[in-house]
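Q: have a look; sequence and predicted model below, questions after that.
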Amino acid sequence: MSRHISADDGRFMITPPQQMMSSCAGALLTSVFMTPFDVVKVRLQTQQRAIMNSRCFLYSTGIMDHICKCTTEICTDTSHGPWYNRPVPKHFTGTFDAFVKISKLEGPRTLWSGLPPTLIVSLPNTVIYFTSYEQLRQRMQKQYLQRGEHPPMWLGGLAGALARIWAVTLVSPFELIRTKMQSTSVTYRELAQVLHLQLQQGGVTSLWRGWVPTILRDVPFSAIYWLFYENLKRGFNQEEPVFAFSMCAGAVSGGLAASLTLPFDVVKTHMQIEIGERELFADKVTTNRGSTVMMLQRIYNRQGVTGLFAGLVPRLAKVMPACAIMISSYEYAKTFFRRYNELHSLQEK
């Protein structure tokens, strides 16, 4: 029987490259599991034609938003055209029915449509975020332990907030470039040309357009999520959490964070769609630009408090399983590397 290893035991603490591999595995699994649900949701919306009221809409793999460009006509050939705008010979009667008919009539691969371009940004983003979180938390925790003090309960929340700011800041330029790539037939080889054109047109600061609304949603979410998750681990004495615990704790923490930050998510969605439409339809769009506060006020004036908390159930249905899959696979990989380091250390003696 393997003895218990403290998650922060310096002898067997996993290295930054191992942390990167752990977070990469978690992000990949989350995207693979969650993408089919959002594909089905988008196709159901398309069937109702409500999606076509806007030129753009958000599609998500469970860990990252993805802006898609709406078309004015439904493609008549199910093997070509935008995946989210393809009709099927039979009407969808519900979510399960959509899963079955899409798989049968268009092939199972259609359920993962749009995944590759999103992973190009979401994987590095997740790797930066989780690795930064681990490094920050360990460094701050070490300072308290060296002084003989017990690390405070809020330490995980602070590390999560700082890590999210860092990750969003680094990835924001690539998010904007990716949006531009979706509007034309730009290949990955032409990425440098797209970047050069963007710098000429809007300057360096234009690469961080949309940074503020993203920060306002993701930073509070990250702080709340890690605050709850780390304290659940501490409360249940799960320094090295078992798979089932990390699944449940991740889902609960993600659900609480998603509920408390929902108004910021609503605003961020509105603003991201506006930004996407300006990038995809630069010569046609006339959307009003406004600050995050103005957007909050506008939504509140039109729909009240219910408008700011619109879509709570769908958001929880997406965020809770995504957080559960991400953190459990991440913790599992960390445990694997930690035990590997322990075995390797014993063999060297």
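A: Yep, that arrived.
Q: CA atoms for contacts and neighbours, from now on please.
A: OK.
Q: for the stretch 1-150 of the chain, give me the ranges with low pLDDT.
A: Low-confidence segments of the stretch 1-150 of the chain (pLDDT under 70): 1-12, 41-90, 114, 117-118.
Q: could you redo the last one with a cut-off of 50?
A: Along the stretch 1-150 of the chain, segments meeting pLDDT under 50 span 1-7, 9-11, 49-52, 72-76.
Q: can you give me the helices for it?
A: Under the criterion DSSP state H, counting those that start in this stretch, the stretch 1-150 of the chain contains helices at 16-48, 95-106, 115-146.
Q: counting by contacts, list what the shortest one packs against.
A: Contacting helix 95-106 under the criterion 3 or more Cα pairs under 8 Å, 6 or more residues apart in numbering; DSSP states H and E are the following elements: helix 16-48.
Q: what angle sits between the helix it packs on and helix 115-146?
A: Here helix 16-48 runs at an angle of 140 degrees relative to helix 115-146 (axes from the mean of the first three to the mean of the last three Cα atoms, to 10 degrees).
Q: would you mind listing the buried residues in the single longest helix found in the chain?
A: If you go by DSSP state H, the chain has its longest helix at helix 312-348. Neighbour-count burial for helix 312-348, counted by 16 or more other Cα atoms under 10 Å, picks out 312, 316, 318-335, 337-339, 341-342.
Q: repeat for stretch 240-256
A: Applying a neighbour-count criterion of 16+ other Cα under 10 Å, one finds 240-241, 243, 245-256 buried in stretch 240-256.
Q: which of those fall in helices?
A: Counting by DSSP H, the part of the buried residues of stretch 240-256 found in helices is 243, 245-256.
Q: could these go into JSON lines alongside pLDDT and distance to Val266?
A: Formatted as JSON lines, those follow (pLDDT from 0 to 100; distance: Cα to Cα, whole Å):
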{"residue": "Phe243", "pLDDT": "94", "distance to Val266": "32"}
{"residue": "Phe245", "pLDDT": "97", "distance to Val266": "30"}
{"residue": "Ser246", "pLDDT": "96", "distance to Val266": "28"}
{"residue": "Met247", "pLDDT": "96", "distance to Val266": "26"}
{"residue": "Cys248", "pLDDT": "97", "distance to Val266": "26"}
{"residue": "Ala249", "pLDDT": "97", "distance to Val266": "25"}
{"residue": "Gly250", "pLDDT": "96", "distance to Val266": "22"}
{"residue": "Ala251", "pLDDT": "96", "distance to Val266": "21"}
{"residue": "Val252", "pLDDT": "97", "distance to Val266": "21"}
{"residue": "Ser253", "pLDDT": "96", "distance to Val266": "19"}
{"residue": "Gly254", "pLDDT": "94", "distance to Val266": "17"}
{"residue": "Gly255", "pLDDT": "95", "distance to Val266": "16"}
{"residue": "Leu256", "pLDDT": "95", "distance to Val266": "16"}
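Q: in CSV, list those along with distance to Arg209.
A: Listed next are those as CSV, based on distance: Cα to Cα, whole Å:
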residue, distance to Arg209
Phe243, 38
Phe245, 38
Ser246, 35
Met247, 35
Cys248, 36
Ala249, 34
Gly250, 31
Ala251, 31
Val252, 32
Ser253, 29
Gly254, 27
Gly255, 28
Leu256, 28
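Q: ok, those vs Leu170, which is closest?
A: The closest of those to Leu170 turns out to be Gly254 (Cα to Cα; 23.4 Å).
Q: out of the helices of the stretch 1-150 of the chain, which is closest to Ser206?
A: If we rank the helices of the stretch 1-150 of the chain by Cα to Cα, the stretch that ends up nearest is helix 115-146, at 18.2 Å.
Q: what angle sits between the closest one and helix 312-348?
A: On the basis of the same axes, to 10 degrees, helix 115-146 is oriented at 60 degrees to helix 312-348.
Q: let me see the mean pLDDT of the strand or helix carrying Val171.
A: Here Val171 sits within helix 155-183, counting by DSSP states H and E. Here helix 155-183 scores 80 as its mean pLDDT.
Q: swap in stretch 329-341?
A: Average pLDDT, stretch 329-341: 93.
Q: can I get stretch 322-335 in CSV, CA atoms only?
A: Extracted in CSV, the C-alpha atoms of stretch 322-335 (Å, rounded to 0.1, in the frame of the first residue of the first chain):
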residue,chain,number,x,y,z
ALA,A,322,-17.1,21.2,-17.4
CYS,A,323,-15.5,22.2,-14.1
ALA,A,324,-16.0,18.6,-12.8
ILE,A,325,-14.3,17.0,-15.8
MET,A,326,-11.5,19.6,-15.9
ILE,A,327,-10.5,19.6,-12.2
SER,A,328,-10.9,15.8,-11.7
SER,A,329,-8.7,14.9,-14.7
TYR,A,330,-6.2,17.6,-13.7
GLU,A,331,-6.0,16.3,-10.1
TYR,A,332,-5.7,12.7,-11.4
ALA,A,333,-2.8,13.7,-13.7
LYS,A,334,-1.1,15.6,-10.8
THR,A,335,-1.4,12.5,-8.6
